Structures are given as structure tokens and as C-alpha cells.
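> sharing a sequence plus its predicted fold:
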Amino acid sequence: VNGKRPILVGETKENSALMIDATSLDGKLNIITGKKGTGKSHLSKLLITSLLQYGATVVVLDLNGEYAGLGITSDGKRNAYYDKVHVLTPGENFKVALSQLHLNELMSILIHALHLPGTSAREFRRIWQTLKQRGCLTLHDLGEAIRNWHCNQNVKDALFSRYYAMLNSGFFTDNMAEASRLEEALLKSRRDGGAVIINLKNTSTIDRQIVVEYLLGKLVEMLTSWRLKAVFLFAEEAHLYLRETYWDDIVTRMRHFGIFTTFITNQPDSIRESIYRQADNIFLFNFTNESDLEVVSRAARVDSETVKSIARELPPRHCLVLGKAVEDFPIVVKVRTLDVKTMGET
């Protein structure tokens, strides 16, 4: 595919180079799927490093700690992307101070990630506003305020259980010196191009949901205030941390704001059919499981039997590219090798 911003994906069976244009990913929804160990993360890394060359801002939800080595060659040396890769690990170098949060950001974490019921959420708003007026928005003050608040015991219990979930996550802090590096990393990426890797490797399910809720809220806020222009979001196994209502949000509202998503999964049925139908590009690696093949082939905009027969036979590191990136002409490509350090495992 000819274009001004070529990405060399690999070579076709005829040994000719397959180029796609970076603009065919810009503003688009992409899905990379295939069974475990076939080369999905490898292709993601290739696309990410290629986007970095063109100055893009990339955010990676890294479930297995696989992307931390993007700035390092396979033999441990710094590569061209070293200064552009920012790895943030929740509870370590990625924390948030309560005083930095808008109330609506925290409410969205409490309601969507921690499932705080409506009545308790109303009381929490009152507590927050009281603390804000006093100028003491700290974890300690929040705990004391809940303890001394006059309300129904069930409501108090619900508030306390969420408060302890916040404390135990290690994601919230009262120490401004260790508070969020996220904004800083995103603004640097906007200037020079960069990848912000959110390392979720040793993070529990609830904590992942807290972090992702905060991250997506922050991205939307920075995009709507024009502090960011656009973000390429790479989300590995998103069904493990993305709340139900976010799926449609990501492909409609968030795309409108400038979040362009690539979903990467070895469980194709974890992505709803409506999302596949809206996908601009699908990169399909080997599948042998019939039900997996069925899901993907139904979603592809070409003859489903053809897709199935090709996907069954694909060797590792080979994928079938479907969609706008190849002008809707399905092509099998052997993905080129990439000299970056392999970390983590899917």
C-alpha cells in the first residue's frame, strides 16, 4: 500500500514487502487476534514502534509486562525508542493523590470499578465536598470523615469497604512528591512522540479496573481540553479490565475524542460481534479451535469459509490482514522480526 507514512509489516508469500500506511491506523479501530504464541504481541510492538517513528502518542494497557522492553534491543542495549518509552507501574511510579482528582473522576472509579451503590455514592459526594471546603482531601481525613459521618450503618459499611479497597490498591497517595507521572509522560509523548506503558502485570482485577477507569477518564479530559491531540491505545485482553459500557464507548464516543484503539486478544469471543463489525482492520493469526474461527470469520468482511481455511493453516508469525490497511484485499504476511527485548509472557 503506497502512502506517505509507510509501515513495513513483513513480506507476502511472493516475497514482496507488505507496507501499510500509518494513516490506515489513524482514527481507526483495529483488532489483532489469534491463539496464544502465534505472534500477536510481536505485531503490536512492530505497529507501536512504527507509530513512534512518526511522532505518535501511544498508550499500552500491558497485562503481562511484555512491552517494558520496547526501548531495549534483544541484547540489552538502548535502541532508538529508549527515551520515548515510559513504563508506569501502578502503586510504584504511578500513583494519584486525592487532591489531584476531580470529584467526577473519583466517582467514576467508585461506581464503575468498585460498584458503590447509589445511596452511598450520594453520601460520598457530601463527604468529599465537606473535606474540600476544609482543604483536607487526604486518605487519612477521608477515613476519619467516613468514621464520624452520620448516616445509615449499611451506607457507612459500603463506604468503608470502598475506602479500604482504595487504600489496599496502593494507587492512591497523600504524598504529592510520588503522585501521578501520567500527565507528565503523556505531555512529553505529545511533544516528541512516545509510548506510555501501563504495566498491569502484578495488579489484581479490582486494581486493574481502578487504574483503567482513571486512565481513560484522564485521556478524555486531556483530549477534550486540547492538551493531547490523539492517542493510539493498545489494549491487551481488554475483557479482563474493561467495563461493559466502555466497549461501545471506545468505538464511538472515545474515537470521536481522539482515542484510536487496537484490541489484542487470544479469546476472539471476548469481543462482541458489533465491535468486529465496526473494526477497520483485523490482523488474524492462527486459530485451530472451530468456535474461535467461527467468531472471527463471521466478523470479517470477506467470504467466511476462505478466512477459516487460511487461518487454520497459518504458521507462527504469519497473519491474514483484512480491512482498510490493505484496501479490503485480504493478504497473508510473514511479520518481520523486530530487535526489541522480549519480556513477560501471554
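Thanks, I have it.
> so how far is the helix or strand of the chain with the lowest mean pLDDT off the chain centroid?
Every helix and strand of the chain was ranked by mean pLDDT, DSSP states H and E. The lowest is helix 244-251, at a mean of 78. Helix 244-251 sits 12 Å away from the centroid of its parent chain (Cα atoms, centre = their mean, to the nearest Å).
> where does pLDDT dip in the stretch 101-250 of the chain?
Nowhere does the stretch 101-250 of the chain drop to pLDDT under 70.
> which residues in it form helices?
In the stretch 101-250 of the chain, the helices defined using DSSP state H, counting those that start in this stretch lie at 103-108, 118-134, 139-148, 153-169, 182-192, 205-224, 244-251.
> mind listing what's buried in the first one?
Same thing as helix 103-108. Neighbour-count burial for helix 103-108 flags 105-108 (criterion: 16 or more other Cβ atoms under 10 Å). Backbone N, C-alpha and C define where each C-beta goes, glycine included.
> looking at those residues, which is nearest R125?
Comparing the buried residues of helix 103-108 against R125 with Cβ to Cβ places M107 closest, at 7.1 Å.
> burial count for the spatially closest residue to the closest one that is not a sequence neighbour?
Nearest residue to M107, sequence neighbours excluded (Cβ to Cβ, 6 or more residues apart in numbering): A121, at 6.5 Å. Neighbour count of A121, defined by other Cβ atoms under 10 Å: 16.
> then the one 3 residues further on?
The tally of other residues near F124 (other Cβ under 10 Å) stands at 25.
> give the contact list for it.
Shown in contact with F124 (Cβ atoms under 8 Å, 6 or more residues apart in numbering): 107, 110, 116, 159, 162.
> try 6 Å this time
Contact analysis of F124 by Cβ atoms under 6 Å, 6 or more residues apart in numbering lists nothing.
> pop the domain breakdown of this protein in here.
Recorded structural domains for the chain (assignment: automatic domain parsing) are 6-94+180-335, 97-177.
> I'd say T57 and K188 touch.
No - proximity of T57 to K188 does not meet the contact threshold set by Cβ atoms under 6 Å, at 9.4 Å.
> looking at the two, which is more packed in?
Between T57 and K188, T57 has the larger neighbour count (other Cβ under 10 Å), namely 28 against 17.
> from A238, how far off is the residue nearest to that one when sequence neighbours are not counted?
Excluding its sequence neighbours, the residue lying closest to T57 (Cβ to Cβ, 6+ apart) is S189, at 4.3 Å. The gap separating S189 from A238 is 21 Å, by Cβ to Cβ, to the nearest Å.
> dump the residue contacts of V155.
119-120, 123.
> over to E178?
K95.
> circling back to that earlier point, now the helices of the stretch 101-250 of the chain in CSV, with distance to E294?
CSV is the format used below for the helices of the stretch 101-250 of the chain (distance: least, Cβ to Cβ, whole Å):
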stretch, distance to E294
helix 103-108, 36
helix 118-134, 40
helix 139-148, 49
helix 153-169, 38
helix 182-192, 39
helix 205-224, 28
helix 244-251, 20
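> any idea which of the ones you listed gets closest to V333?
Across those, closest to V333 is helix 244-251 (Cβ to Cβ), at 25.0 Å.
> contacting residues around that closest one?
Outside helix 244-251, the residues that reach it (Cβ under 6 Å, 6+ apart) are 29, 261, 275, 278.
> out of those residues, which are buried?
Counted by 16+ other Cβ under 10 Å, those give 29, 261, 275, 278 as buried.
> the strands in this protein, which residues?
Secondary structure of the chain (DSSP state E): strands at 6-11, 17-21, 30-33, 57-62, 85-88, 96-97, 172-173, 194-199, 231-236, 259-265, 281-284, 318-323, 331-335.
> need the winner for burial among the ones you listed.
strand 57-62 (a mean of 27; mean count of other Cβ atoms under 10 Å).
> partner strands of that strand and their direction?
strand 194-199 (parallel), strand 231-236 (parallel) (DSSP bridges).
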